[in-house]
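[1] mind folding the following:
(4 chains)
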There are 2 protein chains.
Amino acid sequence: MLVEIDFNSDEAIYIQLRNQIFVAIATSQLKEGESLPSVRALADKIGVNMHTVNKAYSTLRQDGFLKVDRRRGAVVAVDIDKLDSMAKMKAYLRPLIARGICKGLSKEEVKGIVDQLYEELS
Amino acid sequence: MLVEIDFNSDEAIYIQLRNQIFVAIATSQLKEGESLPSVRALADKIGVNMHTVNKAYSTLRQDGFLKVDRRRGAVVAVDIDKLDSMAKMKAYLRPLIARGICKGLSKEEVKGIVDQLYEELS
DNA sequence: ATAGTTGTTATATCATAAGTATAACAATTA
DNA sequence: TAATTGTTATACTTATGATATAACAACTAT
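    This next block holds a predicted model:
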């Protein structure tokens, strides 16, 4: 699993890290049951503080993407709650779609992008 | 144009404001060429500082949603750049779609939500 | 048993961003 | 002339992100 952090980005490091773990799980680079690097190891690898990685792991655990196994560390364990996931997706999507409509993007164009991303991330 | 700010939200006030203006423009509650409330008036109405509203207006201007006419104040003027808008939409969407795939959402389910939002926001 | 590693928690510090508070400016409007 | 427009400047407080040590209980390996 490769990690690329942009230190000049306006996006928080732990958010960048979380997003890349999303992508890694979606693309099965990280599979269910697989262990993630330890917070200290990953922090050392990408050159950030331990707590920054820990924050990413903590939010991922709270949002049902990881579980902590005392023996194996942080383990990919996706908690499936379809209704909740649909509701969150809709909430996250609303301002984005509104923005797109303002800019004249058609429903078909947006759905085309969704298709591209599913192709890219599945 | 009604504005609702959640002061307990983790989302910045000027971001909440910007998102609601996205929705207002998309739903034609705010039409092309129409004037927005003055920064002072809107700030007073929703109970925040003038500069918070000004920051929302400034980012909207920078991103091509408003223009400033000295005579009429902040005016809705959407700058259409299809390629740029598509690229931004894809960039914003990527981590969201990755998240959805992790949670087992199908391409059809996501596109269904897009349909709902276009219905709701057009 | 000892030493090391796991995630986690607790403080503390620093830098940046968000939000507030006044004040002023040039341009426009009534 | 007086008031309002967006904008800029300065200063302050608060919240958050990131870093830095340090420690803890639970587990692993030697």
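[2] longest single helix anywhere in chain A?
    Secondary structure of chain A read by DSSP state H shows that its longest helix is helix A:82-102.
[3] any idea how far DNA strand D is from residue A:30?
    Taken as Cβ to the nearest atom of the strand, to the nearest Å, the spacing of residue A:30 relative to DNA strand D amounts to 20 Å. Every residue, glycine included, has its C-beta placed from N, CA and C.
[4] that residue touches residue A:76, doesn't it?
    Yes: under the criterion of Cβ atoms under 8 Å, residue A:30 lies in contact with residue A:76, with a separation of 5.3 Å.
[5] give me the common contacts of these two.
    When Cβ atoms under 8 Å, 6 or more residues apart in numbering or on different chains defines a contact, the residues bordering residue A:30 and residue A:76 alike are residue A:36.
[6] please report phi then psi for residue A:6.
    Backbone dihedrals for residue A:6, given as degrees, to the nearest 10, come out at phi -100, psi 110.
[7] if we can go back for a sec, quick check, the longest helix of chain A touching chain B?
    Yes: remark: helix A:82-102 sits within contact range of chain B at A:82, A:85-86, A:89-90, A:92-102, by Cβ under 8 Å from any Cβ of the partner chain.
[8] tilt between the following helix or strand past that helix and helix B:107-121?
    In the C-terminal direction, the helix or strand that comes right after helix A:82-102 (DSSP states H and E) is helix A:107-121. What separates the directions of helix A:107-121 and helix B:107-121 is an angle of 150 degrees, with axes from the mean of the first three to the mean of the last three Cα atoms, to 10 degrees.
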